[in-house]
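A.B. asks: Sequence first, then the predicted structure, then my questions.
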Amino acid sequence: MAKKKQTRHKSALKAQRQAERHTLHNRAIKKDVRVAVRAVIDAAKAKDVKKIAELTAKASSTLDKAAKTGTIHWKAAARKKSRMALAAQKLISGSAAAAAK
């Protein structure tokens, strides 16, 4: 009968340590993404056109960085950027049309 092992392999312990570090790092990046996108949404609700353009660029950059490191999938980042830009453009064109009237 095989002898029961007392401890885990060194490589498994190292993998666990790495996974914990990566998890904390990825959580922080995802939090930054959520905060950046939330800022764009809040600016859109406040109908602040100047702020929307600035915050959309910042949120796009944050999404790109998250995708670059593999925290989120690159297609997920592209989808979120596209939807955010579409909503911002709709708001900007809507306020421009209202100003023209």
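C.D. replies: It's in.

A.B. asks: mind listing what's buried in the strand or helix carrying residue 77?
C.D. replies: Here residue 77, judged by DSSP states H and E, is contained in helix 74-100. Across helix 74-100, burial judged by 16 or more other Cβ atoms under 10 Å covers 77, 80, 81, 84, 88, 91, 92. Using the backbone N, CA and C atoms, a C-beta is placed for each residue, glycine as well.

A.B. asks: which of the residues you listed lies closest to residue 49?
C.D. replies: Using Cβ to Cβ, the shortest approach to residue 49 within the buried residues of helix 74-100 belongs to residue 92, at 5.4 Å.

A.B. asks: And for the residue lying closest to that closest one once chain neighbours are set aside, the neighbour number?
C.D. replies: Using Cβ to Cβ, 6 or more residues apart in numbering and skipping the chain neighbours, the partner closest in space to residue 92 is residue 49 (5.4 Å). Other residues near residue 49 number 16, with proximity taken as other Cβ atoms under 10 Å.

A.B. asks: how near is residue 49 to residue 81?
C.D. replies: Residue 49 sits 19 Å away from residue 81, going by Cβ to Cβ, to the nearest Å.
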